[in-house]
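Peer 1: Sequence and predicted structure, then a few things I'm wondering about:
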Amino acid sequence: MTDIDEVIIRAHREEWARVVATLARRLGDLDIAEEMAADAFATAVERWPVDGVPPSPGAWLTTTAHRKAIDRIRREARREEKHKEALMLSDTSQPLGAIDDDRLRLVFTCCHPALAMEVRVALTLRMVGGLTVPEIARAFLVQETAMGQRITRAKAKIKAAKIPYGVPLRADLPARITGVLAVLYLIFNEGYLASDPDKEAVRSDLTAEAIRLTRLVRALMPADGEVAGLLALMLLTEARRAARVSASGELVALDEQDHGAWDRELIAEGHALVRARLASGQAPGRYQILAAINAVHTDARDVRDTDWSQVVALYDQLVRLDPSPIVRLNRAIAVAEIDGPQVALAEVDGLPLEGYHAFHATRADLLRRLGRSDESRAAYDRAIGLAGNTAETAYLIRRRDQLARP
C-alpha cells in the first residue's frame with residue numbers, strides 16, 4: 001500500500017460521514033449523497049498520486065463531492081425546481097437544527113420514526129457507522145443476505161414514501177433517541193470486540209467515536225436516563241480495554257484481567273453516572289441496568305470479591321425489560337457463580353442461540369467445570385468455528401486445548 005493510499009483511506013474514515021451528511025441534508029436523497037461521496041474518493045485515488053495530496057484532504061473531498069452533485073443535478077434538470085436544488089448546495093446559510101456535529105446529525109436523520117426500529121438501526125450502521133453488511137448481520141445474528149436485503153428495502157421505502165432527510169430539530173429528538181442509542185451501542189460493541197477477523201481484535205477508533213457521540217447526545221438530552229446509562233456503560237467497559245488483550249494477542253477473560261491496568265478515571269466517571277441515576281428515583285432502563293452490572297464488576301478489587309447476588313438481581317430486572325435469549329445467557333453466567341454450573345447449564349441449554357458463538361463458548365466452560373471434557377471440547381469447536389474475533393478465537397483454542405484428554 002502506498003502513502004497516497006493510506007492518506008485516502010484515513011481521509012475516508014474521518015470525512016465520509018461529513019460529506020454524506022452535508023449532501024443528504026441539502027439534496028434530500030441519501031443514495032445520491034453516498035454515490036457522490038464515493039465518486040469524490042474515486043477521483044482522489046486517480047488524481048492524488050499524480051497531482052499530490054492536497055493540503056486539506058477532507059476539504060478537497062467535500063468540495064469535489066459538492067461539485068459532482070451540482071453537475072449531476074444540472075444534467076438531470078428538467079424543471080426550474082432542479083436548478084434551485086443545485087443552487088442550494090452553495091448556500092451555507094441553511095439552519096443546522098439542534099445538532100452541530102455532522103456525524104451525529106446524520107445518525108438522528110437516518111433514525112427516522114417512519115422506519116421500523118431494526119431497519120433504522122441497520123441502515124444507520126451502514127451509512128454512518130461505516131460497518132459492513134457482514135458486521136451488521138453478525139450484530140443482529142442474521143444471515144448476511146437477509147441483512148443486505150433489509151438495508152436495500154429501507155432505502156427503497158425512503159424513496160417511495162419520500163421521507164425527507166431534513167435536519168432534525170430539538171422536538172424531533174425524543175422520537176428518534178431509542179434508535180440512536182441502539183446505533184451507538186452497536187458501533188461501540190463492534191469496536192469492543194471486532195467481528196471481522198481481518199481487522200484488529202479491539203478497534204479503539206470505533207469505541208472512542210461511540211463515546212464521543214454519546215457525550216454529545218448527553219449534552220443535548222441531559223435529563224434522559226438511558227443516555228446517561230449508555231455513556232456509563234461505555235465508560236466502564238472502555239476502562240478495561242488495556243487489560244482485555246494479552247501481549248500475544250489473546251483475549252483475557254474478566255476473571256483473569258489485571259485490575260491495575262484498568263483506567264480508574266473512566267471508572268470513577270462511570271460510577272458517578274450510575275449513582276446519579278440511582279439517586280434520581282426513576283425506574284431504570286436497559287442501558288442503566290447494564291451500566292449498574294458493569295459498576296458491580298469494576299467495583300470489586302478482585303474477581304473473588306464480585307457481588308454475584310447483586311449481578312443476578314440486576315439481570316432479573318433486565319430480563320423483565322428485555323427477555324431476549326442473549327440477556328438470559330448472560331444471566332446464566334452469573335447464576336453459575338452462585339448456584340453452580342449444573343443449574344446454569346440447564347438454563348443455557350434451552351436458549352435458541354445455535355448460531356451465536358458466545359452461546360457455545362458459555363456451554364463449553366460450564367461443561368468443563370462439570371468435568372464433561374468431550375462435550376466441552378465439541379462446544380469449544382463450535383464456538384471457534386463461529387467466532388470472528390482473532391483474540392477471542394485464540395482464547396477459545398487455548399481453553400479447548402487445556403481440556404483433559406480421555
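Peer 2: Looks like it came in fine.
Peer 1: List the contacts of residue 404.
Peer 2: Shown in contact with residue 404 (CB atoms under 8 Å, 6 or more residues apart in numbering): residue 373. Any C-beta I mention is one placed from the backbone N, CA and C, and that applies to glycine too.
Peer 1: isn't there a helix covering it?
Peer 2: No - the assignment for residue 404, made by DSSP: H, G, I helix; E, B strand; the rest coil, is coil rather than a helix.
Peer 1: got a pLDDT number for it?
Peer 2: Here, the pLDDT recorded for residue 404 equals 72.
Peer 1: Now name the helix or strand holding the spatially most central residue of the chain.
Peer 2: By CA atoms, centre = their mean, the chain has its centre lying nearest to residue 187, at 1.4 Å. Using DSSP states H and E, residue 187 maps to helix 173-192.
Peer 1: Summarise which helices and strands that helix is packed against.
Peer 2: Applying 3 or more CB pairs under 8 Å, 6 or more residues apart in numbering; DSSP states H and E, we find helix 173-192 packed against helix 102-110, helix 117-127, helix 133-140, helix 204-220, helix 225-238.
Peer 1: and if we set it to 6 Å?
Peer 2: With contacts taken as 3 or more CB pairs under 6 Å, 6 or more residues apart in numbering; DSSP states H and E, helix 173-192 sits against helix 102-110, helix 117-127, helix 204-220.
Peer 1: how about that helix: buried residues?
Peer 2: 173, 176-192 (16 or more other CB atoms under 10 Å).
Peer 1: and if you look at stretch 229-242?
Peer 2: Buried residues in stretch 229-242 (16+ other CB under 10 Å): 229-241.
Peer 1: Can you add distance to residue 298 and pLDDT and give those back as a markdown table?
Peer 2: Converted to a markdown table, the buried residues of stretch 229-242 look like this (distance: CB to CB, whole Å; pLDDT from 0 to 100):
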| residue | distance to residue 298 | pLDDT |
| --- | --- | --- |
| 229 | 15 | 97 |
| 230 | 16 | 97 |
| 231 | 15 | 98 |
| 232 | 11 | 97 |
| 233 | 11 | 97 |
| 234 | 13 | 97 |
| 235 | 10 | 97 |
| 236 | 5 | 97 |
| 237 | 9 | 96 |
| 238 | 11 | 96 |
| 239 | 6 | 96 |
| 240 | 7 | 95 |
| 241 | 12 | 93 |
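Peer 1: Return the closest of those residues with respect to residue 273.
Peer 2: Of all these, residue 273 sits closest to residue 232, with 3.8 Å by CB to CB.
Peer 1: Wait, that closest one touches residue 273, no?
Peer 2: Yes - counting by CB atoms under 6 Å, residue 232 does reach residue 273; the two are 3.8 Å apart.
Peer 1: Let's test this: name the helix or strand in this protein with the lowest mean pLDDT.
Peer 2: Least confident helix or strand of the chain, by mean pLDDT, DSSP states H and E, is helix 80-88 with a mean of 42.
Peer 1: do you know how far the nearest residue to residue 213 once chain neighbours are set aside is from residue 209?
Peer 2: Nearest residue to residue 213 in three dimensions, chain neighbours excluded: residue 104, at 5.2 Å (CB to CB, 6 or more residues apart in numbering). According to CB to CB, to the nearest Å, residue 104 and residue 209 sit 10 Å apart.
Peer 1: Run through this structure and note the low-pLDDT ranges.
Peer 2: 1-33, 45, 49-50, 71-100, 127-130, 139, 161-167, 405-406 (pLDDT under 70).
Peer 1: can I see the domain layout of it?
Peer 2: Domain assignment for the chain by automatic domain parsing gives 3-88, 334-406.
Peer 1: Could you check how far the closest residue to residue 299 other than its chain neighbours is from residue 324?
Peer 2: Nearest residue to residue 299 in three dimensions, chain neighbours excluded: residue 271, at 7.2 Å (CB to CB, 6+ apart). For residue 271, the distance to residue 324 equals 26 Å [CB to CB].
Peer 1: just residue 263 next, same as before
Peer 2: In terms of CB to CB, residue 263 sits 30 Å off from residue 324.
Peer 1: Comparing these two, which shows the higher neighbour count?
Peer 2: Taking neighbours as other CB atoms under 10 Å, residue 263 and residue 324 compare with residue 263 leading, 18 against 13.
Peer 1: That one - nearest residue in space that isn't next to it in sequence?
Peer 2: Counting by CB to CB, 6+ apart, the residue nearest residue 263 is residue 239, at 4.2 Å.
Peer 1: And for residue 269?
Peer 2: Residue 269 sits nearest to residue 235 (CB to CB, 6+ apart), 5.4 Å away.
Peer 1: OK, contacts around that neighbour?
Peer 2: Listed by CB atoms under 6 Å, 6 or more residues apart in numbering, the contact set of residue 235 reads 266, 269-270.
Peer 1: Against residue 280, how distant is it?
Peer 2: 18 Å.
Peer 1: Mind jotting down where the helices sit in the stretch 1-150 of the chain?
Peer 2: Using DSSP state H, counting those that start in this stretch, the helices of the stretch 1-150 of the chain run over residues 3-27, 30-51, 57-76, 80-88, 102-110, 117-127, 133-140, 144-161.
Peer 1: So residue 337 versus residue 343, what's the distance?
Peer 2: 11 Å.
Peer 1: same thing with residue 190?
Peer 2: Distance from residue 190 to residue 343, counting by CB to CB: 33 Å.
Peer 1: can you check residue 62 too?
Peer 2: For residue 62 relative to residue 343 (CB to CB), the value is 58 Å.
Peer 1: before we move on, what about residue 210?
Peer 2: According to CB to CB, residue 210 stands 35 Å off from residue 343.
Peer 1: Repeat that for residue 303.
Peer 2: 20 Å.
Peer 1: Check residue 124 too.
Peer 2: For residue 124, the distance to residue 343 equals 40 Å [CB to CB].
Peer 1: Comparing the two, which shows the higher neighbour count?
Peer 2: Neighbour count, other CB under 10 Å: between residue 124 and residue 343, residue 124 has more, with 28 against 14.
Peer 1: so who does the more buried one touch?
Peer 2: Taking CB under 6 Å, 6+ apart, one finds 107, 110-111, 183 in contact with residue 124.
Peer 1: CSV please, covering those residues and showing distance to residue 168.
Peer 2: Listed next are the contacts of residue 124 as CSV, based on distance: CB to CB, whole Å:
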residue, distance to residue 168
107, 10
110, 10
111, 9
183, 14
